[in-house]
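Participant: Sequence first, then the predicted structure, then my questions.
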Amino acid sequence: MVTVCIFYMKQYLLFFALLMVQGHIMAQVTEVTYKRALRSADISTEIKNKYGDSGIKLLQEQEKALDQLKYTLLFNNTEALFFIDAVTLGLKSEIDNNSYWQLVKREKENKYYYNRPNKQLTYQTLFFGEALNIISSPNELEWKITTESKSIGGFLCYRAVLRKGHNLLGFGEESTIEAWFTPQIPVPYGPKQLEGLPGLIMEAQLATATYYVSKINSKTTAKISPLEKRNEITRTQQVNALLEFKRDVLNRGK
Amino acid sequence: MLKTYGFIIVLCFYSAIVCAQNITLSGVVNDSLSTPLEYANILAIPNHNSDIRYAVSNEKGTYKLELERNQTYSITVSHLGYVSQELSFKTSHLNSTKNFRLKINNNELGEVTINYTPPISVKKDTIVYRIDKFVTGEERKLKDVLKKLPGVEVDKLGNVSVRGKKVTRVLVENKTFFTGSSKMAVNNIPADVVDEIEVLDNYNEVAMLKGLQDSENVAMNIKLKENKKQFAFGDIEAGGSIKKKYVIHPTLFYYSPKTTINTIIDLNNTGVKSFTFRDYLEFEGGLSSLINSTGSYSALYQSDVGHYLKHQDFTERTSQFGAMSVRQSLSEYLDISGYVITSKAKTSTKNNTENQYNFSMPFVEYRETNQQLKEFFTIGKLKMDYKPSLEEDFTYSSVVKLTDNTSSELVTTQSTNSNNTINGFHDVLDLQLTQNIQYTRKLSKKHIATLEATYAFANDKPFTNWRTNQKILQGLIPLQDDNYYSILQSKKVKTHTADAIFKDYWSLNSFNHLYSSIGVNTVFSHFKNEDVQQLTSGAINNFDSAGFGNDFNYSFINTFLGVEYKFLVNNLTVKPALFYHFYNWSSIGALERFTRTKNLLLPQLTAKLDLKSKGKFNFSYKLNAVFPEVNNLAYNFILSRFNSVFKGNPELENTLYHTVSLRYHKFSLYRKLNVYAGISLNKRIESNKLISQLEGIEQFNTIMGFKDAERSWLFDFGVEKKLGSIKYKLKSKYNYFEYFQIVNAITSKNTSQFTTIKVSAETAFKNYPNIEIGYSKAFNHYNTYGVVSKYENDGLFTSLEYDFLNGFIFNADYSGDHYRNINQKSTTRFYSANASLFYQLSESPWGFEVSGTNLFNTPYKQSNNATSFVTSDSKTFILPRIILFKIAYKL
């Protein structure tokens, strides 16, 4: 009798151990830190002449501040959450009419959540003063994956160009939306609303902004906390509401 | 039938061939325990020139890849937490199956720092169009040229987009063209001056800040032909009617790389002012330049030009108006702008008022006033903007204003105790000079300092002459008997004002700011007036002997220190402030001398609560002190109106009152909802009150300090909601005033209450006519000396706009009012209607308009008011019906 129990216990323990390992793999969250690139190489002599030395110093300060800006992507096999790292804003955006603080103020409100089993993307934001969760389905973006490759931090990355779906991301059809992803981290996640590639996006260009990975930590203790409950609308509803509002404003201005 | 079959067969073959180009590779992905793995990535990297294909395994572990046949691929299978597998695979012409078994990866990535900087691709973001390749020479305006460029779209209103991106700014020779709006540029720049058009992608004035924006701005830069760097454009509108009404209205613009000039001329006798408040704002530098100056917007609105632009009612008006604004850039950092506005107008007004005197023995006075006004004013403003670096900003402005108004007025008054006709003649000659400088400098990372100083000089010379054949103001003015009475009043007021304020903005940390300020306000005035009677013999009877006439110097100095502390806690921003004022004023005449000093501590508090979706709250509290105007300090009698005499009080001090307000606002674009509500309270604890002696319609007024509290409330609430294509609006307002009145030594507490409610619906159709229809209700309730007067108004209004047949625009509006004087039990009904039909010949500079104003030929508008101890019911006469035919031509 005891031997039977011990036998079953052994099986149970083994099963439990395996489950733990698998469960550990499932639940263990990886933390990826992204930074945002400023096209500082573009300082032309024209700008230098216009703003003088003190002006250049001011712009360099702004650039240094932007370098501090970090975004975090937390993910495991079934979920992903992307958001901007906490920055103490306080009263900063009120006195200094600085584009940088205006950017941070905007970005603070945005969180991007992807739930794979439910096949649902949730974009939490402040849509013209209204706190909403904007729902959409993954894989609505059409990518063209080329064989062009390069190494980013030792990871082999391939280049993908967005073929269709610019308007879903809020950009015009001619905007440049590109991503370098690595199949070595086989998850379909990335910064902002970019998803659906066979690997983690290590570098992405969304029109004028370039996001790139600066750190990956697979042993993080951070947890993916669920987004707060809010009123939900679909991405199509959001796009249509904005179109209608613009039309009304234009008509009144006639 | 055969044909259809044949077609189907061909289709099948075709699809078979196409499908046959691809074969499927499918299979199952399991782990080492043969459990199916979901979310495994299967990547197929081609050896030939083609796209990478991939598939993801489902919950059963199965995947399906579509690959080209007879090609070699490198297949990689990976899953998070497992060791990936790679193999080379050559496809045949048949579908294949390949299963995979993945082992757990015990090696964890751990913490990895990526040292990587993305390469900056300096893409040439500019598209250049050489115009001569696309034009035929028949194009008139830039709009016509743009329509011929590939990838460029222009809509009816003048919005431009290039390859789907909207052009948000138009530049000419690298500088913003007037306001920068594409509509302005596209409809006006002549086609023959354009040499090249550059479309600038990702436009931003500072290249470095490109990375900070999320959206893309496209700018269009127009390069001009060598010899065509200056050009002019504009519109001319001219019209007339059978009844000798005319309008001539040219708007002209001149452009050159360093100078831009904007001229508006309006000559008409139709009573329409084509120079709007918006045009005035543009002359002043646009809305953006006012954003940082609090109070500037309301100061403009209440200024002389602002006053001129407000709606007036008249029976006739002939006006000549001209405005010109010039902008000149002297260097990269220095901009000079200026404007001159001149207006000359001849206006006739007529007003019949029923005045109800509610004091002691109530009686009614019927007063008819006919006025002819000749107004002339000229304002010139010069402004200089100097921005030598990103840390400094210097602005200097100078304003000169000259006013010369003459008016002659015929007043007929009838009541139980008087019957009289008075002729009044009034001439005002006024000169004002104002200089203002503003300097802002960023001292350090934590400090920003600003300095503002203003100096103004004003010279007022109003002159009035009253003529009547009956003695007026008996016992108050020493009139000598005559056949005809002519009374002359002249006033001369010369004022120098100087203000300066220095303020330091200190960011203690992210959540706490401290602002300190020190400043001074000074006023130096010389006030002189004389009241005399000019006898028919020509001799002068000076009223000086009876205590009339003033001549004194007034000086006022206010030095103050202020401290404001702003802090942020969660969503709440609070700013308490304390201002300490040292006042010093004196009034010095030949015989009288009066000097006084006073110190006041005036607190303030503002708070903002931003609840995001739930709305925003704004709270403010302030203790205010206002010092009297020099007029009120005159120690001798002054004749104020044909029926009143005034005596000032040099011992007057300041009024002191609290103002509190709380406002709520919520806007939701998604819900198409706009809600606002507000409540404000004003409590006067110390005021300067007018004390009156009344006899019939004649008054003697003086002014004294008063310490009883008086309150007023304002409550307003509004909602706007759009359902489908219709927007519904509700607006409501309630005002309550209570004030003390001292007449013939009797004090009474009077109240006035005003309630208005307005509901309306407005359509927003794209292809159908749009109408707005609404209903309003107003209740006015006055209680003066215990006598209650009530008035009610029910109004219905509707307007229609219809754009049809590609070029016609029809506008019409109608309103009907039922006006009731409850006490008198009388109802007046009046209706007003206006309509216009405009036709623009497409692709042509010509436009035609036929318009009718006051179609029902309604003679007057009715309104009511309660002032002092009188409630008035007034009929103001308006312009009769005018049918006008206008032609417009675009230069």
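Facilitator: Right, received. Where do you want to start? Numbering: from 1, shown residues only, chains lettered A, B, ... in the order given.
Participant: Might you enumerate the residues of the stretch 351-500 of chain B proximal to chain A?
Facilitator: B:388-391, B:448 (C-beta under 8 Å from any C-beta of the partner chain). (Each C-beta comes from the backbone N, C-alpha and C, glycine too.)
Participant: Shouldn't A:Tyr241 be within a helix?
Facilitator: Wrong residue type there; residue A:241 is Ala, not Tyr. Yes. Assessed by DSSP: H, G, I helix; E, B strand; the rest coil, A:Ala241 belongs to a helix.
Participant: Could you double-check that it sits in contact with B:Leu669?
Facilitator: Yes. Using C-beta atoms under 8 Å as the test, A:Ala241 is close enough to B:Leu669 to be in contact (6.3 Å).
Participant: what's the closest of the residues of the stretch 351-500 of chain B next to chain A to B:Ile75?
Facilitator: B:Leu390 (56.3 Å; C-beta to C-beta).
Participant: For the closest one, give me the pLDDT.
Facilitator: At B:Leu390, the pLDDT value in this model is 68.
Participant: what does A:His166 give?
Facilitator: pLDDT, read off for A:His166, is 84.
Participant: I figured it hits A:Ile177, correct?
Facilitator: Yes. Taking contacts as C-beta under 8 Å, A:His166 lies within contact range of A:Ile177: 6.3 Å.
Participant: on that earlier part again, mind putting the residues of the stretch 351-500 of chain B next to chain A in CSV, secondary structure and neighbour count included?
Facilitator: Shown next, in CSV, are those (DSSP: H, G, I helix; E, B strand; the rest coil; neighbours: other C-beta atoms under 10 Å in any protein chain shown):
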residue, secondary structure, neighbour count
B:Pro388, coil, 16
B:Ser389, coil, 17
B:Leu390, coil, 17
B:Glu391, coil, 18
B:Ile448, strand, 19
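Participant: And these, which is closest to A:Thr221?
Facilitator: Nearest member of those to A:Thr221, counting by C-beta to C-beta, is B:Ile448, at 42.1 Å.
Participant: which residues sit in contact with the nearest residue to that closest one once chain neighbours are set aside?
Facilitator: Using C-beta to C-beta, 6 or more residues apart in numbering or on different chains and skipping residues adjacent in sequence, the residue nearest B:Ile448 is B:Tyr505, 4.4 Å away. Each residue near B:Tyr505 by C-beta atoms under 8 Å, 6 or more residues apart in numbering or on different chains is listed here: A:95, B:447-450, B:513, B:515.
Participant: all strands of chain A, in order?
Facilitator: For chain A, applying DSSP state E gives strands covering A:30-37, A:70-75, A:79-84, A:111-115, A:120-127, A:130-136, A:142-152, A:155-164, A:177-182, A:200-206, A:209-217, A:231-234.
Participant: starting at the chain centroid, how far to the last one?
Facilitator: Think strand A:231-234. 20 Å (C-alpha atoms, centre = their mean, to the nearest Å).
Participant: which helices and strands sit right next to it?
Facilitator: Counting contacts by 3 or more C-beta pairs under 8 Å, 6 or more residues apart in numbering or on different chains; DSSP states H and E, strand A:231-234 is packed against strand A:130-136.
Participant: And the pLDDT at the residue of the stretch 701-850 of chain B found nearest chain A?
Facilitator: Residue of the stretch 701-850 of chain B nearest chain A, by C-beta to the nearest C-beta: B:Ala764 (5.5 Å). Note on B:Ala764: pLDDT of 83.
Participant: these two touch, right, it and B:Leu723?
Facilitator: No. Look at B:Ala764 against B:Leu723 with C-beta under 8 Å: they stay out of range, at 11.1 Å.
Participant: Can you pick out the residue with more neighbours from those two?
Facilitator: B:Ala764 (16 against 9; other C-beta atoms under 10 Å in any protein chain shown).
Participant: quick one: that one and B:Glu409, what's the gap?
Facilitator: 47 Å (C-beta to C-beta, to the nearest Å).
Participant: Repeat that for A:Thr88.
Facilitator: Distance from A:Thr88 to B:Glu409, by C-beta to C-beta: 66 Å.
Participant: Between those two, which is the more surrounded one?
Facilitator: Neighbour comparison, A:Thr88 and B:Glu409: the larger count goes to B:Glu409, with 18 against 9 (by other C-beta under 10 Å).
Participant: Just give the nearest non-adjacent residue to the more buried one, would you?
Facilitator: B:Glu409 sits nearest to B:Gly424 (C-beta to C-beta, 6+ apart), 4.1 Å away.
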